[in-house]
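Enquirer: just need the structure, nothing else, for what follows:
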Amino acid sequence: MILTDYYKAEKLPESKSKLRYDVTFSTGNYEPFETIMRNKKDEQFFYYGDVPSKFNSHVKRQAEKCITRGKNISSVYVPDITLPYAYGDVNNTLDAILIVFNADYTTIEIFVARGQKNNKISLYHLLSDSELQSEIELLRKNANELPKQ
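Expert: Residues are numbered from 1 along each chain as shown. Below is the predicted model:
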C-alpha cells in the first residue's frame, strides 16, 4: 500500500474559529499528526487557511493554502480547481499527503504516504485518476471515530 495513514477533519458548528477543523476520524498512528495536532486538552485539530505572510516567498509563490497548528504542517497545492483534491508534504519529514475536500469545504480528509515526499505530484495524479480508491476505502474503513470535542 502506498497510503499509510488517514485523518478526517470537520468544521464543527460550535467552533469559534472560521479556520479550525477538528479531527473526527483517524487511523491514529501517524506520530507527527498525533503530536502536532493535539493540544493539552487532548483535542486534535488544525487550521486550514491562506498562506501567512511570514512564510517564505518560495512557498507563497506556489501554494495559496496551508495546514497549520501553531506552526506550518503543510503547504497545500491545488493543481486543478475543478477537482476536490490537493497535495502537500508534512514539514520536516519525507512524507507526502493527499487531501480530499467535500463540496463545501466543511470536511477535509488527509491521506499520508510515508516516505513519498518526492512522489507527491505523481500520487496526486493517481488520486485524480481514481487509482488509489481501494486504498482510500480501506483506510476509511480502518479509521476510528474520535470523541467529540
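Enquirer: where does residue 14 sit, in terms of helix or strand?
Expert: Residue 14 belongs to no helix or strand when assigned by DSSP states H and E.
Enquirer: roughly how far does it sit from residue 20?
Expert: In this view, residue 14 and residue 20 are 10 Å apart by C-beta to C-beta, to the nearest Å. Using the backbone N, CA and C atoms, a C-beta is placed for each residue, glycine as well.
Enquirer: neighbour count for those two, which is higher?
Expert: For residue 14 versus residue 20, the count of surrounding residues by other C-beta atoms under 10 Å is larger for residue 20: 18 against 7.
Enquirer: tell me who's in contact with that one.
Expert: Contacts were defined as C-beta atoms under 8 Å, 6 or more residues apart in numbering; by that measure residue 20 touches 11-12, 45-47.
Enquirer: buried ones among those residues?
Expert: For those, a burial check counting by 16 or more other C-beta atoms under 10 Å picks out 11, 45-46.
Enquirer: so which helix or strand takes in the residue nearest the centre of the chain?
Expert: In the chain, the residue lying closest to the centroid (C-alpha atoms, centre = their mean) is residue 110, at 3.6 Å. Taking DSSP H and E as the criterion, residue 110 maps to strand 107-113.
Enquirer: by mean pLDDT, flag the weakest helix or strand of the protein.
Expert: Of all helical and strand segments in the chain, the minimum by mean pLDDT, DSSP states H and E falls on helix 57-62, at a mean of 52.
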